[in-house]
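> Below are the sequence and a predicted model; questions follow.
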Amino acid sequence: MSAASKSREVFKIRDFRLILAARVTSSLALPMLMVAVGWHVYDLTRDPLHLGFVGLTLFAPQIVLTLFAGHVADIVDRRLILMVSFSILSLCAVVLCAFTLLDLRDVTPIFGVLLIYSCANCFLRPAITSLVPLVVPKEQLPSAVAWNSSTLQMAGTVGPAVGGVLYGFGPQVVYGTSAVLMASAAAFFLSRLSRRPPLVLADSAVVERLLAGVKFVWRRPMLLGAISLDLFAVLLGGATALLPVYARDILQVGPWGLGLLRSAPAVGGVTCGLWLAHHSIKRHAGRIMFLCVAGFGLGTIVFGLSRFWPLSLLALASMGACDMVSVYVRQNLVQLNTPDEMRGRVSAVTMIFIGASNELGEFESGVTASWFGTVPAVVIGGIGTLVVVAVWSTLFRSLRRVDRMEFPQ
């Protein structure tokens, strides 16, 4: 059997197909919503610091709720968690749509809705992330991870572009479309997926259960290094929050251009992900991960300095491709080295790190842009990513030496 045919074997699993289809639907909606929120907030304030506050608002609930959400994902039917979470996300989009129809000029209520949105997302992430390993055999997990990541990136490519085009008809169109898509994902996902009982955990104190995922990762330097590398690298190199500033003031390409800028990393990610789905990394996985994170930092610097729109798109696409390799290696290492009864809580720990690298990184970008200016903030962040790679390659040598990913390390 060819490598391509073998990689497609995972699609014979019905539950995997259903999970993937539902995640694609929701992954179209969420980037659309973020494109609209970013442009909407910057259009009302013209202050990059408020774009940073968007990231901070999305990040803050994760500190309080994510560990608890991982615990809930291990003891409650994950379909029920997803049903409630997607319903709340859909309602948030409806409320944002109402704000625009009422021509609300104050951004404070928008931040209030984003806070509720983030709370729902805290419960959604560990529940949906920990489903795939339960329906896919371990030997097919690398292919499933690659197909899952690349397909989501493909949806992420279309979502921002569509969001940018629809924004031309008004933000209420984007918010309304996102609400319908998220509601559809919830209904499709949870009405047809085979019911699976939650895992029964051994009797122990609630606090001990909540911290079990943290202890599990902390005691495994390879996993800790892989997850924290993503945290600090993307935390410093996160230029996504400042894309509305680039689209409006620096590149001057308007909301449709913002949508394409948002889509560019996903274009690189899906291209790389499709290649990984057919050609999994066989050797030197740790070294490749470090090299790609360094490539992410270099791409950030190029994007920050660029005034030529095609070059900016190319830099963002290269960042997406490098990030895809990092995600691929990290997810495989985490899933292959985590027992089934711990997946929800370990996924929750991963989500804290990933959330910090994305949302908190957006806050960092907004603050540094208000201090030093937009372009210096992005360039400094890219340099910081390169510094993190150098330090982590020394601190976590076990991660750098990871060779194969077929079996638990």
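Nice, I can see it.

> Need the mean per-residue confidence for stretch 371-391.
Confidence over stretch 371-391 (mean pLDDT, whole number) is 90.

> just how off-centre is that stretch within its chain?
Mean C-alpha position of stretch 371-391 versus that of the full chain (C-alpha atoms, centre = their mean, to the nearest Å) differs by 20 Å.

> What of stretch 101-115?
Computed by C-alpha atoms, centre = their mean, the chain-centroid distance of stretch 101-115 equals 24 Å.

> cool, and stretch 118-137?
The gap between where stretch 118-137 is centred and where its chain is centred comes out at 12 Å by C-alpha atoms, centre = their mean.

> so Phe232 makes contact with Val388?
Yes: assessed by C-beta atoms under 8 Å, Phe232 is found in contact with Val388 at 4.6 Å. C-betas here are computed from N, CA, C, even on glycine.

> count of neighbours near Lys282?
By the measure other C-beta atoms under 10 Å, the count of residues near Lys282 is 10.

> If you could redo that for Ala226, that was the one I meant.
Look at Ala226: counted by other C-beta under 10 Å, it has 29 neighbours.

> How about it, nearest residue that isn't a chain neighbour?
Spatial nearest neighbour of Ala226, excluding adjacent residues (C-beta to C-beta, 6 or more residues apart in numbering): Arg330 at 4.6 Å.

> who's in contact with that neighbour?
Going by C-beta atoms under 8 Å, 6 or more residues apart in numbering, Arg330 touches 226-227, 230, 289, 350.

> just curious, which of these is nearest to Arg105?
Asp230 (37.4 Å; C-beta to C-beta).

> Okay, and that closest one sits in which element?
Per DSSP states H and E: Asp230 is located in helix 221-237.

> in that helix, what's buried?
By 16 or more other C-beta atoms under 10 Å, the buried positions in helix 221-237 come out as 222-237.

> before we move on, back to that, where does the residue nearest to Ala226 fall, phi/psi-wise?
phi -60, psi -50 (degrees, to the nearest 10).

> Over to Ser263. Which of the three states is it?
Per DSSP: H, G, I helix; E, B strand; the rest coil, the secondary structure class of Ser263 is helix.

> got any ranges where the stretch 151-300 of the chain has weak pLDDT?
153, 156, 188-210, 237-238 (pLDDT under 70).

> let's see it at 50
Residue ranges of the stretch 151-300 of the chain with pLDDT under 50: 197-204.

> the strands in it, which residues?
Per DSSP state E, counting those that start in this stretch, the stretch 151-300 of the chain has no strands. Nothing in it meets that criterion.

> how about the helices of it, start to end?
Ranges of helices in the stretch 151-300 of the chain, per DSSP state H, counting those that start in this stretch, are 171-192, 206-218, 221-237, 243-245, 254-278, 285-305.

> Let's have those helices in TSV, adding distance to Glu359.
Formatted as TSV, the helices of the stretch 151-300 of the chain follow (distance: least, C-beta to C-beta, whole Å):
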stretch	distance to Glu359
helix 171-192	18
helix 206-218	19
helix 221-237	10
helix 243-245	15
helix 254-278	15
helix 285-305	17
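
> What is the nearest of the buried residues of helix 221-237 to Trp392?
Nearest member of the buried residues of helix 221-237 to Trp392, counting by C-beta to C-beta, is Leu229, at 4.9 Å.

> give the contact list for the closest residue to the closest one other than its chain neighbours.
Among residues not flanking Leu229 along the chain, Trp392 sits closest, at 4.9 Å (C-beta to C-beta, 6+ apart). Applying C-beta under 8 Å, 6+ apart, we find Trp392 in contact with 225, 228-229, 232, 290, 399.

> Identify each buried residue in stretch 85-100, please.
Here stretch 85-100 shows 85-86, 88-97, 99-100 as buried, counting by 16+ other C-beta under 10 Å.

> go on, stretch 287-307?
By 16+ other C-beta under 10 Å, the buried positions in stretch 287-307 come out as 288-304, 306.

> Check stretch 135-143 too.
Those would be 135-136, 140-143, for stretch 135-143 by 16+ other C-beta under 10 Å.

> got it, and stretch 174-185?
Applying 16+ other C-beta under 10 Å to stretch 174-185 flags 174-179, 181-185 as buried.

> gap between the two ends of stretch 71-80?
End-to-end distance for stretch 71-80: 14 Å, by C-alpha to C-alpha, to the nearest Å.

> quick one: the helices in the stretch 1-150 of the chain?
Counting by DSSP H, counting those that start in this stretch, the helices of the stretch 1-150 of the chain are 3-7, 14-45, 48-75, 78-101, 108-129, 132-135, 141-167.

> Which of these sits closest to Ala241?
Using C-beta to C-beta, the helices of the stretch 1-150 of the chain put helix 48-75 closest to Ala241, at 4.8 Å.
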